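Asker: sequence plus the predicted model coming up.
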Amino acid sequence: MNHIKELMENVKNKTPLIHNITNYVTVNDCANIILACGASPIMADDRLEVEEITAICDALVINIGTLNERLVESMIKAGRKANELGHPVILDPVGAGASGLRTETAARLLKEVKFCVIRGNISEIKTVYMGSSSTRGVDADVADAVTEHNLDDTIRLAMALSKETGAVIAITGAVDIVADSKKAYAIYNGHPMMGKITGTGCMLTAVTGAYCAANPDKILEAAAVSVCAMGICGEEAYKKMNENDGGTSSMKMYLIDYMSKLNDKIIVEKVKYESKD
Amino acid sequence: MNHIKELMENVKNKTPLIHNITNYVTVNDCANIILACGASPIMADDRLEVEEITAICDALVINIGTLNERLVESMIKAGRKANELGHPVILDPVGAGASGLRTETAARLLKEVKFCVIRGNISEIKTVYMGSSSTRGVDADVADAVTEHNLDDTIRLAMALSKETGAVIAITGAVDIVADSKKAYAIYNGHPMMGKITGTGCMLTAVTGAYCAANPDKILEAAAVSVCAMGICGEEAYKKMNENDGGTSSMKMYLIDYMSKLNDKIIVEKVKYESKD
Amino acid sequence: MNHIKELMENVKNKTPLIHNITNYVTVNDCANIILACGASPIMADDRLEVEEITAICDALVINIGTLNERLVESMIKAGRKANELGHPVILDPVGAGASGLRTETAARLLKEVKFCVIRGNISEIKTVYMGSSSTRGVDADVADAVTEHNLDDTIRLAMALSKETGAVIAITGAVDIVADSKKAYAIYNGHPMMGKITGTGCMLTAVTGAYCAANPDKILEAAAVSVCAMGICGEEAYKKMNENDGGTSSMKMYLIDYMSKLNDKIIVEKVKYESKD
C-alpha cells in the first residue's frame, strides 16, 4: 500500500467536512471518530437542507442503518447533489437483505447516485450485488464469512461489483477485502472482539468518508488505509482493554482513542495486507 | 432463583437476535449491552420494515422513551407480528404518566399487543395499571419509591397487574420486584448511583429481551435474572468507579463492561433476593 | 462572579427537570451531563406531548442540531408553552448559517419564543444576529474566532444582541463571552481539545438549562457559571486523558465524570474570568 503518510496528512491538513446521513444508533460514535481521525462531521438529514449542507462539505456518507421514508428522499437528494459537485459519496448498506425496505433502498441508491466506495459485510455486499442486477445472482460458493479459504471468490465478487458500479468495494469480516475492478487488497488487521461493539462498521465507513474527502484522486488507497487504520485501532483497543481488565464498552472507548492518536508510522509498522492484482 | 446457569448459557449459545423499537436517547447503550450479554441487536422502527425485521428476530423490545405518531404505528405492527409468531415481546413504558401521548400509547399497546414482560419504575407501572383498567384505580398506599416498608403492597400491585395482563411485571427501584400472578421475587442488588446515568432502565429492558428470547419457556426466571445481572453490574461498576476516581460516565462504561464479563458463578455468588410465593 | 456556591447548591437541592428538544447526535451526552450536574433530563419532541412535558419541567432547552419540519413545530409549541408558564428557555442555534432551514428556524424561534439564554459559537451567533435584523448586518471586523485580540468587538456584538432579544448571549470559543445588555464576562477556562469531541457545545447548553432552571432570577450568573464549569471540566479531563495515555473518547468520559464531581470550591479555585461592565 503506497502513500499512507500522504493520505493521512491530507486528512489532518485539510480537515475535510463530512456530511453524514446516518442511523441514530451509532451516530455519536461516527461523529467522534471522524473528529478523531482529523476531519469534521456534520449530521443533517432533512430534505429541506441536505443539498445545501452537502454543498459546503467535502464528502457525503450515506448509512441506511435506521431507514424511514423521509430519510430515503434525503439520501437521494443529497447524493445527486454531491455527484453534481463531484464530491466523493460513500454507501454503507447496513442490513441490506434483512428487509425489503433496506434491499430496495440500497438498489435505488445505486441506481440514482454514483458511489465511490461501498462498504459492508459479505451478506450486505451480496445483497447489493444481486439487487443491482437480480438476473445474474451471486456465487453460492462464497460463504457468509470471509476467511482465507474463500478469499479468492470474495475478491472476484468485489471486483465484479466494482466493475458494475464504478465504486471501490470494501467487504469487511475476519479478513477485509478492498477492491476496484483491477486491484484488490486483502487486509488482516482487526480483532474478533470488534464484533461485540455496535457500530464498528458504521465508524469505519465514516472514516472512509474522511479519507476519500481528503484524497479524492486516490479512492482505492483511501478506502484501504481506512480499513487498515480501523483494524489496527481494534487490535490496540483489545490489548488495552485486557491490560485494564475492561469489557466491551472500554474497548469502544479505546478504539476511538487510538484513532485520535494514530499516525502513519504506526500504520506502516502494524499493517498486515496482501496486494492481489 | 433456579436455572441461572442454564438461562445465561442459553443467551450465549443461542445469541438471539433482538428487535428494538426504542428511543434515540439510550439506543446506543441498549445495542451495546445486548451485545455485552451475548445476544445481538437490530434497531428498526419504520412501518415499512418492522414486520419483516421482527420476523427474523427472536424477541421484540418496545420502549416508548421518545415517542411520535410514526413510531406508535410501527410498535403496534411489530408487536402484532411478534405475537403471531409467538416471539416474546417486552414493554418499557418510559414516562407513562408524564403525558397523554405516553399514557395512551402504553394503554393502546397493552390492548393490541400481548407482552411477556413489562418493566418500569413504580410510577410507570401504576400508570399502566390504571390506564389498562381505569375504573379500578391503584392502591394509594403504595408510595412512589419501593422500599422494604411498602414491599408487600408493591408485590400485590405487580401480581394483580400480571394477572390482568398475563405479563411478568418488573418494577425497579431501591428494591426490585419481579412477579407473575403467583410468584414474586424481591431483588436487593443495584446501587443508587445507577439513577445518575441515563438509560439504566432501558438497558435492563433490553437485556430482559435477550434473556426472554433465549428462554421463552421461563419468562419469570429470565426477567428476574436480568434484573439481578443488571443490579450486580451496577454494584461492581460503582466499586470500579471509586477505585479509579471516576464519575458517572465512567460508571456507565464499567456497567456495560461488567455485563460483557458476567458469568453464572458471579451471579450466584452476588445475587441478593427473596422469593415470595 | 458572585453566588457560585448558591447557584450550584440550587441545582443540587432543587434537582430541576429539564425538557430537551435536541439533536440525535449528542442527546445521550446531554442527558448524562444534566444528571451529572445535579438536574434531571427529559427528552420529548413530538407535537402531541411537548406542551404537557414542558409544563412539568423547570426549563426548556431547544437545540437545532438535527432539524426537520416535525421538530420545528414542536420547538415552537413547547417554547410558547414554556414562555406562558415563565420557564427559562435556552436556545442552541447549532449550525445556524449552514443552511436556510437552520438560519430561518433560528430566526423564527427568536420571533415566536422568548429566550433567556442563546448559546453558540461566534458564527452561529452572528447568523442569529443578522437573521433577526437582517438590514443591520454585523461588524465584519469581528473575526470568526474569539481571541483576546477581538474580544471587545465580540462583547459589543453580544451586548447588542442581548439588548435586541432580551436574552443573555453566550459566545463560546478560545475565549468565552457571556453578556447581557449591561454586563459581560470574558471566561478563559477550557481546552482546545474540547473541539475534538462532538457535543461539548450541546452539553454546555444543556448544563446552562439546568443552572437557569434552578436560578431563574440570576440568568446571567447562571449562564456564566455553566460556561466556567464546562471549561474547568474540559481542562481537568484533558489532564486526566494525558495521565492515562488516552484519546478523545476518554476525554469525553472524563469531562462528564468531572461534571459529576464538581463543587463550588473547585470552581472558585480554578475559574479564570474578567468582568466587563
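Answerer: Perfect, thanks for sending it.

Asker: going forward, measure contacts and count neighbours with C-alpha atoms only.
Answerer: OK.

Asker: my guess is A:G247 contacts B:Y258, does it?
Answerer: Yes - A:G247 lies in contact with B:Y258 (C-alpha atoms under 8 Å); the separation is 6.3 Å.

Asker: the helix or strand of chain A with the lowest mean pLDDT - contacts with which helices or strands?
Answerer: Every helix and strand in chain A was compared by mean pLDDT, DSSP states H and E; the lowest is helix A:122-132, with a mean of 86. Under the contact criterion of 3 or more C-alpha pairs under 8 Å, 6 or more residues apart in numbering or on different chains; DSSP states H and E, helix A:122-132 touches helix A:100-112.

Asker: taking helix A:122-132 as reference, get the angle to the helix it packs on.
Answerer: Angle, helix A:100-112 to helix A:122-132, by axes from the mean of the first three to the mean of the last three C-alpha atoms, to 10 degrees: 60 degrees.

Asker: right, and the helix or strand after helix A:100-112?
Answerer: Downstream of helix A:100-112, the next assigned helix or strand under DSSP states H and E is strand A:117-120.

Asker: who's in contact with that next one?
Answerer: A:89-94, A:125, A:167-172, A:201, A:205, A:219, A:223 (C-alpha atoms under 8 Å, 6 or more residues apart in numbering or on different chains).

Asker: equivalent analysis for stretch A:28-41, please.
Answerer: The contact list for stretch A:28-41, computed with C-alpha under 8 Å, 6+ apart, reads A:11-12, A:14-20, A:42, A:199, A:202-203, A:206-207, A:210, A:256-257, A:259-262, C:25-26, C:196-198, C:248-249.

Asker: run a quick neighbour tally on whichever residue of the stretch 151-277 of chain A sits closest to chain C.
Answerer: Residue of the stretch 151-277 of chain A nearest chain C, by C-alpha to the nearest C-alpha: A:D257 (3.8 Å). If you count neighbours by other C-alpha atoms under 10 Å in any protein chain shown, A:D257 ends up with 26.

Asker: and if you look at the one 4 residues further on?
Answerer: Look at A:K261: counted by other C-alpha under 10 Å, it has 15 neighbours.

Asker: phi, psi of A:S275?
Answerer: The phi and psi torsions at A:S275 (degrees, to the nearest 10) take the values phi -90, psi 140.

Asker: do A:S40 as well
Answerer: Per-residue torsions, A:S40: phi -140, psi 130 (degrees, to the nearest 10).

Asker: in the stretch 51-200 of chain A, where is pLDDT below threshold?
Answerer: For the stretch 51-200 of chain A, the stretches flagged by pLDDT under 70 are A:131-144.

Asker: check which helix or strand covers whichever residue of it sits closest to chain C.
Answerer: The minimum distance from the stretch 51-200 of chain A to chain C, using C-alpha to the nearest C-alpha, falls at A:E52 (5.8 Å). In the assignment (DSSP H and E), A:E52 maps to helix A:50-56.

Asker: show me the contacts for the one residue sitting closest to the centre of chain A.
Answerer: Taking C-alpha atoms, centre = their mean, the centroid of chain A lies closest to A:T205, which sits 2.6 Å from it. Contact partners of A:T205, counting by C-alpha under 8 Å, 6+ apart, are A:V61, A:I90, A:L91, A:D92, A:R119.

Asker: torsion angles phi and psi at the first one?
Answerer: So that's A:V61. phi -110, psi 120.

Asker: hang on, it packs against A:H19?
Answerer: Yes - in this structure, A:V61 is within contact of A:H19 by C-alpha under 8 Å, at 6.2 Å.

Asker: comparing A:G247 and B:Y258, which shows the higher neighbour count?
Answerer: Just comparing A:G247 and B:Y258: by other C-alpha under 10 Å the higher neighbour count belongs to B:Y258, 27 against 24.
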